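S.K.: Here is my input; please provide its structure:
(3 chains)
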Amino acid sequence: MVRKPSHGDTTGAGNGGTEATKERKGLWSPEEDERLFAQITYHGVSTWSSVAQLAGLRRSGKSCRLRWMNYLRPDLKKEPISKREEEIIISLQQSLGNRWSAIAAKMPGRTDNEIKNYWNSRIRKRLNAAAAKAGSDDGASTEPAPAGEEKVEVEPTNNAATEAGPMPIPERFPVFACQLLNGGIGGGSGSGENTPSTTSSTQQKSSEESEACVGDSNMIHFLSFDDLDYPDDLLMDLPGAMNAWETELYPSNSMSSLN
DNA sequence: AAGACACGCAACCGCAAACAA
DNA sequence: ATTGTTTGCGGTTGCGTGTCT
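M.R.: A predicted model of the protein is given here:
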């Protein structure tokens, strides 16, 4: 269920403060999404606060980052979490705990927020119910396990468990050279100014995370389009890609131009 | 038909780590 | 070494939508 973005200031976007200067909060409008998407796609990310500024968004860098990571990234899967993925989540949660970003890093196309929400709203509830039922069945343990410590029957656990399933969990995203950014578009000029994300290349994560995590600002170099239905030639064409992207996000909206 | 309730998701908040000056 | 800034993460909240009564 994708909530339709409301254009108006919803949660206090305009609470007090002058319209022109006050930082916006609340849901993102399609126009804001377009601006952010275009800014990042064309110019990459130096710092998130600069992205917000350059895109002309009255949003915090933090908010821009969140929106990109959780919603706009082209490599995000749009279909609901599958049974198989659910098993993976449960298994990884057992071995990693509530380290949602680490879990998300093992699940291409899924975000930490998505996984966290999924866990909190569905799995945890189900597990608690199962635990309660088990407790009432054998009276031995009547208390449901505390959140985050549930034991579930999901294949053997331990780290091997995450690799022992029918399908191996990818250690990292399939890395596709990002046509959009490696000269395909964005002027393709390769001008230094437009080089995306390179300024943050000094930010090194742990080897584990830097490989798998799409959360760092270098991720834009590693965009994976394998989950998209868009043809390659469309991806080479930013306006076309944006059209397809927006149509999918806002099927009821007609594409509005960037200006 | 309408109100109450539950659910799911997007986004905010606060904190800590990483980094730069 | 210290301080300020930015980023990333996990927990939590608010709101739209679906379902129930």
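S.K.: The closest residue to residue A:72 other than its chain neighbours is in what secondary structure piece?
M.R.: Nearest residue to residue A:72, sequence neighbours excluded (Cβ to Cβ, 6 or more residues apart in numbering): residue A:37, at 5.3 Å. Every residue, glycine included, has its C-beta placed from N, CA and C. Using DSSP states H and E, residue A:37 maps to helix A:30-43.
S.K.: circling back to that earlier point, from residue A:57, how far off is the residue nearest to residue A:72?
M.R.: Separation of residue A:37 from residue A:57 (Cβ to Cβ, to the nearest Å) stands at 11 Å.
S.K.: Same question for residue A:101.
M.R.: Residue A:101 sits 24 Å away from residue A:57, going by Cβ to Cβ.
S.K.: Please say which of those two ends up with more neighbours.
M.R.: Using other Cβ atoms under 10 Å, the more surrounded residue of residue A:101 and residue A:57 is residue A:57, with 22 against 19.
S.K.: Just give me the neighbour total for residue A:23.
M.R.: So residue A:23, with other Cβ under 10 Å, has 12 neighbours.
S.K.: residues near residue A:115, how many?
M.R.: Using other Cβ under 10 Å, residue A:115 has 25 other residues around it.
S.K.: so it is in which element?
M.R.: In this assignment (DSSP H and E), residue A:115 forms part of helix A:112-118.
S.K.: Return the set of buried residues in that helix.
M.R.: Buried residues in helix A:112-118, counted by 16 or more other Cβ atoms under 10 Å: A:112, A:114, A:115, A:116, A:118.
S.K.: tell me the strands in the stretch 51-200 of chain A, going along the chain?
M.R.: In the stretch 51-200 of chain A, no strands are defined using DSSP state E, counting those that start in this stretch.
S.K.: can you list the weak-confidence ranges in it?
M.R.: Low-confidence segments of the stretch 51-200 of chain A, defined by pLDDT under 70: A:128-129, A:131-200.
S.K.: Contact residues of it facing DNA strand B?
M.R.: Counting by Cβ under 7 Å from any atom of the strand, the residues of the stretch 51-200 of chain A close to DNA strand B are A:62-63, A:66-67, A:70-71, A:80, A:113-114, A:116-118, A:121-122, A:125.
S.K.: just to revisit the earlier point, can the helix holding residue A:115 be said to contact DNA strand C?
M.R.: Yes: counting by Cβ under 7 Å from any atom of the strand, DNA strand C is contacted by helix A:112-118 at A:112, A:113, A:116, A:117.
S.K.: Using PDB, write down the CA coordinates of that helix.
M.R.: Extracted C-alpha coordinates of helix A:112-118, given in PDB (Å, rounded to 0.1, in the frame of the first residue of the first chain):
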ATOM      1  CA  ASP A 112      16.100  -1.500   6.300                       C
ATOM      2  CA  ASN A 113      13.000   0.500   6.900                       C
ATOM      3  CA  GLU A 114      10.900  -1.900   4.800                       C
ATOM      4  CA  ILE A 115      12.300  -4.900   6.600                       C
ATOM      5  CA  LYS A 116      12.000  -3.300  10.000                       C
ATOM      6  CA  ASN A 117       8.300  -2.400   9.300                       C
ATOM      7  CA  TYR A 118       7.700  -5.900   8.000                       C
END
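S.K.: before we move on, the earlier item: neighbours of the residue nearest to residue A:72, how many?
M.R.: Residues near residue A:37, counting by other Cβ under 10 Å, number 24.
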